[in-house]
Structure formats: C-alpha cells, structure tokens
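Undergrad: let me see the structure of the following:
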Amino acid sequence: MANHEVARFGKKSPTKLIALSMVVGFIAGMVVGKPMAQVKFIGDIFFSLVQMGIIPFVMCTIIEAVGGLTTRDLSDVGLKGIVWFAVSSILASGFGIATTLLFQPGAGLDGSALVQGASANTVQASSGTWQDTVSGFFGSNIVASMGGGSMVQCIVFAIALGLVCSGWRQMHEGHCVVYDFCVELGTLLLSIIRGVMTVAPIGIFCYVSAMVGSLGAEVLIPLLKYLLVLAGTVLVFTCVWIVVVCVRCGLSPVVLVHKMWRMSVMALSTTSSAVTLPVEMEDAKQRLGIRSDIADLVLPLGMPLNSNGASIHLAVTALTISQIYGVTYGGAELVSLAVICTLLSLANAVAPGADLVSLAMIVPQLGLPLDSIGIFAGLTYPVGAIRTILNVDSDVYCALMVAANYEDGIDREVFEARN
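TA: Purely as a prediction, here's the structure:
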C-alpha cells in the first residue's frame, strides 16, 4: 500500500491498547475465574471477522506487488535482488522451523484444558510424499481454491496474474484495468481489516479473560519460551547474514553493524519497514557506500518482496501452536510449511495488529484452531519489533550482495569514513 498510508498507521497503531487488553484480560480471568468463559463468543466473533477477507486481501496484495514490477525492476540489478530476496526468505523460514523443532517452545500443554477443548478442531498432519506436497501447491480451479481456503494455490494464481499484469502494463503505458481493480479492492479490504482491528482490544480482552479463567496461568509458560525462541532465531539469523555479507563483500562486521545502527533502531521503535525506508535508503548510500542506482532499486523493491523477519515469525509461531496442540508434521509437511511462510511473508497487512492478521492467514492452513491466535494477541509490539528489524536489515544485506557483483557497487571510502 502507499507509503503515506503506512506512515499514518505507524503513528496511530493501537499496539499498546492490544497489549494492555491482554494484561487486563489475564487479571480478569484470574480474579473472576470460569464465569469469564461466557464472553469468549465475542472473541470468537472478532477472530472470524479478521479471517473474513484474508484470502482476497492476500491475493490483491501479491498481485499489486508482482504486477507493479517494471522492466527496470526485472533488469540485471533488479533480478539479482529478487533472487536474493527469494533465497533469503526461504532460508529464514527453514531456519525458524529448525530452531522451533529444536527448542519446542509450545511443548508441555498436551493434557491441559486448552488442548482437550480444541482437539475436535485440530487435524494430525498426514504423511505424504514430496511430490504430493508440490502438486498440492497448484489448483485446477481458483474459485474452488478460494472457497476451500487453499492459501498457497491462491498465492500461486495471484503471482501468475501479477506477472501477466506486469507485462500488460509495460505494453500499454502502465494501464491495466485488472491491476487497478485489484489494487483498489486490496485498499478497500485493508480498510475492512483496519476497521475490525479497531475493536481488537475488546476481542482480545474477551478471549484472553475467558481462556485464563478456564485454564489459569499455565498458558504463559509457552508464551515466554516462544518469545525467547523467536528473538534468538532472529538474532542468530541476523548474525549469519552479517558474516555472509562481510565475507562476500570484504567488509568489517563491526563497521557494518555501526553504520546500520540508526536504521535498525528506527525499525525497532516504529515496527514499520515503510516508515524506516527513507532513513534506510539514505544510510545505505551515504554511510554504507552502496551505489545509488542499486540502493534506489533494491531497497524499495525489498519492502514488499523481502521479509525475512516475517518468514521466521510465521514459521516459529505456526510450529509453536502445533506443539501446543500436539500436532506433528513430517518432512514433506515441513517443506510445505517453509514455502507457505515464505509466500505469506509477501502479504504483510499494513494494519494495527498486523501479526494477528498474518497468523489468521496461516493457522487455518495447518488445521489448527483459529482461537489459538488469541494466545499470542498481547505480543503484538515485541513480535512486530523483532521481525521488523530483520525485515529492514535483510533488505540492506541483499542490496550489498547485489552491489558486490560490480566493481563500483560499494564505495569503500564512504563505508570506512567516520560519519
């Protein structure tokens, strides 16, 4: 969506109210107890409203991102950037899956009332071949895919339509009725999502108070473990990125971290890649020495197409929820999960509580209860901050990897200068 809309969201985000509603809901659940279960239906309505327009919104967002690509975007520099975006995002998803399987943040609630009450809504992942997994990404009827909630099939169709729209727009001076319709429809659907999220504190309060009233404080343990695993995964993945970039580009890691400090703090405080973009572009050119044409193309392109932090967030959260409910996945299902997380990272909603919207995209795909999203509702700000800092930094890392292919791609004097 337009950058000015994103900036407006950054200023008015009710993340504090959402976090506060979870705290108040927890206290109410502990004090009142089981009678609070009577208000759970309000939380159920809220999550249903969040999910209501998710599939068409995701499709419109991806059509807008892919259909907006120009010949310049698909040039040598742009194409290299897109390849790095794709590779880094799929690796981020895989890394998130690996760390979550290793540390099991969601384990320990198998016999709780939460899991027993939702057992009828969960499905045990079936073991299938990798061929079945791959073929499942492609649907024969887009209407049936949308009706059945097959998110990946819808995304594949949206990417195909976006590419066709991009070619059509280039041949018709930027005009394409279908593309314009999808952009406007996406904007309208985003308005619906924003409207629903304005009542998020009420929905979160009702759900959390009912959940805590029925279960007690036991649900807080996996939440704390989840935050530690998510933050640790992002930190380690960022360190690996820094090592790879510094080895490939011949840069000092200490200087690199120092020169990127300002944009990193900006991303951490605003939890918005779009709000951080102007600072990111300025520092990339004037502090890191990335050639102007590379920074001007790769960094704006990375905002919709590259979200390493979102990929890790979706992977870690999805697997944590599956562990809470005792659902396990085989090798083919984990590969499918990595692909789903990567594709869904392209459709980050620019709305208050965007992480909740992201979870509403992936949780139903895994056969897990939609109610499980409420467990993570109060973590909107810390989760947003953790994933946004990697989203922003990875865009710069990709730009540096592209710049390393050209003799004058990185101005070493600018990089080494004390500015």
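Undergrad: pull the longest helix from the chain.
TA: Counting by DSSP state H, the longest helix found in the chain is helix 220-249.
Undergrad: which helices and strands sit right next to that helix?
TA: helix 76-103, helix 253-259, helix 308-324, helix 380-403 (3 or more CB pairs under 8 Å, 6 or more residues apart in numbering; DSSP states H and E). (Glycine included, C-beta is placed from N, CA and C.)
Undergrad: state the mean pLDDT of the longest one.
TA: So the one you mean is helix 76-103. What helix 76-103 shows for mean pLDDT is 92.
Undergrad: go on, the last one?
TA: Across helix 380-403, pLDDT averages out at 90.
Undergrad: relative to helix 308-324, how tilted is that helix?
TA: On the basis of axes from the mean of the first three to the mean of the last three CA atoms, to 10 degrees, helix 380-403 is oriented at 130 degrees to helix 308-324.
Undergrad: ok, and for helix 380-403, which residues are buried?
TA: Across helix 380-403, burial judged by 16 or more other CB atoms under 10 Å covers 380-403.
Undergrad: and if you look at the shortest one?
TA: Of the residues in helix 253-259, those buried under the neighbour-count criterion (16+ other CB under 10 Å) are Val255, Leu256, Lys259.
Undergrad: name the surrounding residues that touch that helix.
TA: For helix 253-259, contacts defined as CB atoms under 8 Å, 6 or more residues apart in numbering pick out Ile242, Val243, Val245, Cys246, Asp283, Arg287, Leu288, Phe415, Glu416.
Undergrad: now the closest residue in space to Gly81 that isn't next to it in sequence: which helix or strand?
TA: What sits nearest to Gly81 in space, not counting adjacent residues and going by CB to CB, 6 or more residues apart in numbering, is Val298, at 4.1 Å. Counting by DSSP states H and E, the element that carries Val298 is helix 292-305.
Undergrad: show me what that helix is in contact with.
TA: 61, 64-65, 72-73, 75, 77-78, 81-82, 85, 273-274, 277, 280-281, 284-285, 346, 394-396, 398-399, 402-403, 406, 409.
Undergrad: what do you get for stretch 223-231?
TA: With CB under 8 Å, 6+ apart, stretch 223-231 has contacts from 99-100, 103, 105-106, 312-313, 316-317, 320, 375-376, 379, 382-383, 386.
Undergrad: farthest-apart pair in those residues, please.
TA: Thr99 and Ile375 (19.3 Å; CB to CB).
Undergrad: so between these two, which is more surrounded?
TA: It is Ile375, of Thr99 and Ile375, that has more neighbours when counted by other CB atoms under 10 Å, with 26 against 21.
Undergrad: pretty sure the more buried one contacts Ile204?
TA: No: using CB atoms under 8 Å, Ile375 makes no contact with Ile204, being 10.5 Å away.
Undergrad: low-confidence ranges in the stretch 201-350 of the chain?
TA: Within the stretch 201-350 of the chain, the ranges that satisfy pLDDT under 70 run 214-219, 347-350.
Undergrad: list the contacts of the residue nearest the centre of the chain.
TA: Note on the chain: the residue nearest the mean C-alpha position is Ala310, at 2.9 Å, using CA atoms, centre = their mean. Residues counted as contacts of Ala310 (CB under 8 Å, 6+ apart) are Leu344, Ser345, Asn348, Ser358, Arg387, Asn391.
Undergrad: distance between the ends of stretch 369-383?
TA: One end of stretch 369-383 to the other measures 21 Å (CA to CA, to the nearest Å).
Undergrad: ok, residues contacting that stretch?
TA: Contacts for stretch 369-383 (CB under 8 Å, 6+ apart): 15-16, 18-19, 21-23, 43-44, 47-48, 50-51, 118, 121-122, 200, 204, 207-208, 211, 219, 222-223, 226-227, 230, 271, 313, 317, 321, 324-325, 353, 355-356, 359-360, 363-364.
Undergrad: my read is that Ala338 contacts Phe95, right?
TA: No: counting by CB under 8 Å, Ala338 sits too far from Phe95 to count as a contact (9.4 Å).
Undergrad: give me the number of residues near the residue nearest to Gly81?
TA: 30.
Undergrad: helix or strand for the residue nearest to Met59 when sequence neighbours are not counted, which one?
TA: Nearest-residue entry for Met59: Ala158, 4.2 Å, with adjacent residues in sequence omitted and distances by CB to CB, 6+ apart. Element membership for Ala158 (DSSP H and E) is helix 151-171.
Undergrad: do Arg418 as well
TA: Of the helices and strands defined by DSSP H and E, none includes Arg418.
Undergrad: list the residues that contact it.
TA: Contacts of Arg418 (CB under 8 Å, 6+ apart): none.
Undergrad: and the residue nearest to Gly81, how far is that from Phe205?
TA: 42 Å (CB to CB, to the nearest Å).
Undergrad: could you do Leu163 as well?
TA: 43 Å.
Undergrad: so these two - more neighbours on which side?
TA: More neighbours surround Phe205 than the other of Leu163 and Phe205, with 28 against 15 (other CB under 10 Å).
Undergrad: which elements pack onto whichever strand or helix holds that one?
TA: Under the criterion DSSP H and E, the helix or strand holding Phe205 is helix 200-215. Helix 200-215 is packed against helix 15-32, helix 40-52, helix 113-118, with contacts defined by 3+ CB pairs under 8 Å, 6+ apart.
Undergrad: quick one: which of these is nearest Met266?
TA: Across those, closest to Met266 is helix 15-32 (CB to CB), at 16.4 Å.
Undergrad: quick one, the closest one and helix 220-249 angle?
TA: Using the same axes, to 10 degrees: helix 15-32 against helix 220-249 is 150 degrees.
Undergrad: now helix 15-32: how far from the chain's centre is it?
TA: Offset of helix 15-32 from its chain centre (CA atoms, centre = their mean, to the nearest Å): 25 Å.
Undergrad: show me what that helix is packed up against.
TA: Using 3+ CB pairs under 8 Å, 6+ apart, helix 15-32 sits against helix 200-215, helix 380-403.
Undergrad: following the last one, which helix or strand shows up next?
TA: Translated: helix 380-403. helix 412-416.
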